[in-house]
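Student: Predicted model and sequence below, questions to follow.
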Amino acid sequence: MTKMNNPKFTTPSGDTAPRQVWQQTVDAVLAQTKSQAAGLNSADAAERLNTFGPNALPEKKGKPGWLRFLAHFNDVLIYVLLAAAALTAIMGHWVDTLVILGVTVINALIGHIQESNAEKSLQGIRNMLSSDARVQRNGKHETIPTRDLVPGDIVILRAGDRVPADMRLIETHNLRVEEAILTGESTVVDKITDALEGDLPLGDRVNMVFSGTTVSAGGGIGVVTATGAETELGHINQMMAGIEKHRTPLLVQMDKLGKAIFVIILAMMVALFIFSLALRDIPMGELLLSLISLAVAAVPEGLPAIISIILSLGVQTMARKRAIIRKLPTVETLGAMTVVCSDKTGTLTMNEMTVKAIITADCCYRVEGDSYEPQGRIFLEGSDEPVQVQPGTVLETWLRTIDLCNDSQLTQDERGLWGITGGPTEGALKVLAAKAQLPAVEARLVAKIPFDSQYKYMSTLQHIDGEARVLITGAPDVIFAMCREQMSRHGAVPFEAQYWEEEMARFARQGLRMVAAACKPASLDATTLNHEDLQEGLIFLGIAGMMDPPRPEAIDAIHACQTAGIRVKMITGDHPQTAMSIGQMLGITNSSQAMTGYQLEHMDDAALAKAAVEYDIFARTSPEHKLRLVKALQDNGEVVGMTGDGVNDAPALRQADVGIAMGIKGTEVTKEAADMVLTDDNFATIASSVKEGRRVYDNLKKTILFIMPTNLAQGLLIIIALLAGNIIPLTPVLILWMNMATSATLSFGLAFEAAERNVMNRPPRKTGQHVMDGFAVWRVAFVGSMIAIAAFILEAWLAPRGHSPEFIRTVLLQMLVTAQWVYMINCRSSDSFSLSMGLLRNKGIWLVTGVLLLMQLVIIYVPLMQSMFGTEALPLRYWFITLVIGVAMFLVVEVEKRLTRRFRKTA
């Protein structure tokens, strides 16, 4: 089967200038798709299916699981360990071989598990396609598999259907479609069939429906204009498939550290091998075992596992704070984040449309409350005294109209949470009426004209306390045209268009959406209501200004992010004025105007890179715009977090360094593409996660600074023993015990360290900054050399006293482990006195101390462990000697920290 692109449309006159399908009339689209209202015949459909291919998204086969697992052995330090394992196996040291291989397998398993969900997001998009479609073929209705749809098919839509392909509507009946998965806006879209003008963003193409969206009400008929990969959903799928996830800053830095260690190990092993062969008469087997010990000592085998454990603890902490981390390195990346690009609706705002202001002919009012909870007072603008709504006033008549001419309902669930059924606009009006606590009346609905997108209003005929009244609510400009009078405190007076237009302009500058209301008396004998009844006699009552208000906690969270050096950008599908108004309320005020998707569309990469930095608010954006913005920010060196909930956000979330999905209103596709899921859909959770990410990174750096000196000390002991021609002071299995058992255990103590006080008052760390900066290298060299010198002195003191090599190794082991323990306490702070931080504040330190003591007792005194590790029982006084050495080293490091702090301040 040869698959071709879906047809491109030209003007009916034959002009070669392309016209988009939403810009054409129904007849033009039918003509150019070579279709008709009766639908295609079977032969035409089969031919088009052969030409354009099935209506399905292309699948790309991923790597098999076993190949992804083996890829985790592709690391220079793993090569060193595998070579060491091979040599120990050749020499018959099977315990060493099995332990070393076990370490490599564990590290590979951890990495494999972390990436196991990477490809699920693409499958999630494919699952959004409907399975069947109702079409008009051969002049009759048929139900066919969705994948058999072709351009030109006539599809019938009903409430509850998932739209099977992109279509131009040719007939609508109060058709309303939920398009949030593509546009990000939660309000339903009223559909029409008229041709539209201009290069419109997807959310404004109201004469079209798109694959994967849902029909929420009404019905309609459409002609298929795009299928499979050519649909809007298909474009998102293609973008997702083409995105390679960036490696996190931590992984990049660990790669650099690993390569540096590898070069050092290789150079030293070659030099020592040549030196020992030329100048020392050391048997080959003993020399190889010494070099293997050096390799094992220099490689921080436990570091990958320790890093994963610390990240996992961070994941658990974030989960308690309502942030679910899907990929472990995300915890650390959050701490390096420099920009957060956030959706508006539901993340920065309440996602609960709320009336904030009312205009009547005489007064302007402001309304309290930011949610569906019917609590809040009404005030005259400029007054602090709440208004008491009096019967018969203009305000009471207006409130009664919006309450009764309304299809929504106010609800309260078993948890006491308030909500609405029906559209958010009508729901906001219903909540306002409840806040006003209107006196009860006897009202009966006699007739109704439902809201229709063509007319942009709804109307009811009501009997209220024995009087008949026609009520109407809808778009202000439509209702303006139907009114000749307005209600004032003096009764009905002539309509003043200029007054209302000025007030509407003021509302628009505040980003408020507007709904107008009017009414007129009617006959008690009337039993029907039609559009002609509304053409005369209506009296204009007033306008409500409503908005989706900012979350109060989001305002504080944005300020916290800005204090922490993180710039917050709003990227929304909403209108520019609304976005700017909400942005100002939230404190996103770096830019004086919003950049629109239309402007982004016509920018080259250089202009976009500049705009991405200069502007903080972007409106009417598409998935492509969001993706380009994230890439532009990354190209500028930013570490980008991106929030989203719809399928339209998935490509940008996958591209971002930290993709953040909404857990409540987010689609499964978005959650699978994300690195983090917010279970409360709250921006404030991002700020608390950044704080946790910085704490985790600080503790990771402390852990690396803690582990590396031990490796250096072990390496120095072996190197000097080889140079001096002495017996190796530590065997590979003892080195692995320290690197995998004691180091890992003690690292838990640092993992539980609380965040430092200034953690959210400092800028994000630079991503190019090496985890082993100049200060860290000095600290590792200083502490590692000090531990090695202490070990040499201890060994020199023990050797003449006739102790066995096993006894000396056991004392050295205990001394090194004690040095690790005291240095772990040193590492609680990089420059402050560690004991001033309060040892009782971190209970993890005492837990790991107890575990470490038990482990050392087992390896030193249990006969089975003595035979496995080559240790001997130690008298109590040697425990005391090693403890005294450890305390002395603790004090030396604390003095060094104080001197280093002074040096860094003056440098």
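Tutor: Here it is on my side, so go on.
Student: Show me the strands in the stretch 101-250 of the chain, by range?
Tutor: Ranges of strands in the stretch 101-250 of the chain, per DSSP state E, counting those that start in this stretch, are 132-137, 140-145, 154-158, 166-178, 189-190, 208-209, 214-226.
Student: where among those is the average confidence lowest?
Tutor: Here the lowest mean pLDDT among those goes to strand 189-190, at a mean of 86.
Student: May I have the strands that pair with it, each with its orientation?
Tutor: Looking at strand 189-190 with DSSP bridges, its partner strands are strand 166-178 (antiparallel).
Student: Could you list the buried residues of the partner strand?
Tutor: By neighbour count on 16 or more other CB atoms under 10 Å, the buried set for strand 166-178 is Asp166, Met167, Arg168, Leu169, Ile170, Thr172, Asn174, Leu175, Arg176, Val177, Glu178. Just so you know, the C-beta spots here come from the backbone N, C-alpha and C atoms, and that holds for glycine as well.
Student: quick revisit: let's have the strands of the stretch 101-250 of the chain in TSV, adding distance to Ala336.
Tutor: As requested, these are exported to TSV (distance: least, CB to CB, whole Å):
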stretch	distance to Ala336
strand 132-137	47
strand 140-145	47
strand 154-158	47
strand 166-178	37
strand 189-190	39
strand 208-209	41
strand 214-226	38
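Student: Tell me the secondary structure of Arg809, please.
Tutor: State at Arg809, reduced to three classes by DSSP: H, G, I helix; E, B strand; the rest coil: helix.
Student: Nearest spatial neighbour of Lys256, chain-adjacent residues omitted?
Tutor: Closest residue to Lys256 apart from its sequence neighbours, by CB to CB, 6 or more residues apart in numbering: His770 at 6.3 Å.
Student: Any figure for the gap between that neighbour and Cys405?
Tutor: In this view, His770 and Cys405 are 66 Å apart by CB to CB, to the nearest Å.
Student: and what of Val155?
Tutor: Distance from Val155 to Cys405, by CB to CB: 34 Å.
Student: So between the two, which is more surrounded?
Tutor: Between Val155 and Cys405, Cys405 has the larger neighbour count (other CB atoms under 10 Å), namely 28 against 25.
Student: Just list whatever residues bridge to the nearest residue to the more buried one once chain neighbours are set aside.
Tutor: Sequence neighbours aside, Leu471 is the residue nearest to Cys405 in space, at 3.9 Å (criterion: CB to CB, 6+ apart). Beta bridges link Leu471 to Thr460, Cys519, judged by DSSP bridges.
Student: Tell me who's in contact with the residue nearest the centre of the chain.
Tutor: Geometric centre of the chain, nearest residue: Ile660, 0.5 Å, by CA atoms, centre = their mean. Going by CB atoms under 8 Å, 6 or more residues apart in numbering, Ile660 touches Gly641, Met642, Thr643, Gly644, Leu653, Ala674, Asp675, Met676, Val677, Leu678, Ile686.
Student: tell me which element it falls in.
Tutor: Under the criterion of DSSP states H and E, Ile660 resides in strand 658-662.
Student: and of the buried residues of strand 166-178, the nearest to Asp255?
Tutor: Asp166 (43.4 Å; CB to CB).
Student: partner residues bridging that closest one?
Tutor: Those that pair with Asp166 in a beta bridge, by DSSP bridges, are Ala226.
Student: what residues are up against it?
Tutor: So Asp166 contacts Met208, Val209, Phe210, Ser211, Val224, Thr225, Ala226, Thr227, Glu230, Thr231, Glu232 (CB under 8 Å, 6+ apart).
Student: ok, so what distance separates the fifth one from Ser211?
Tutor: Using CB to CB, we find Val224 at a distance of 10 Å from Ser211.
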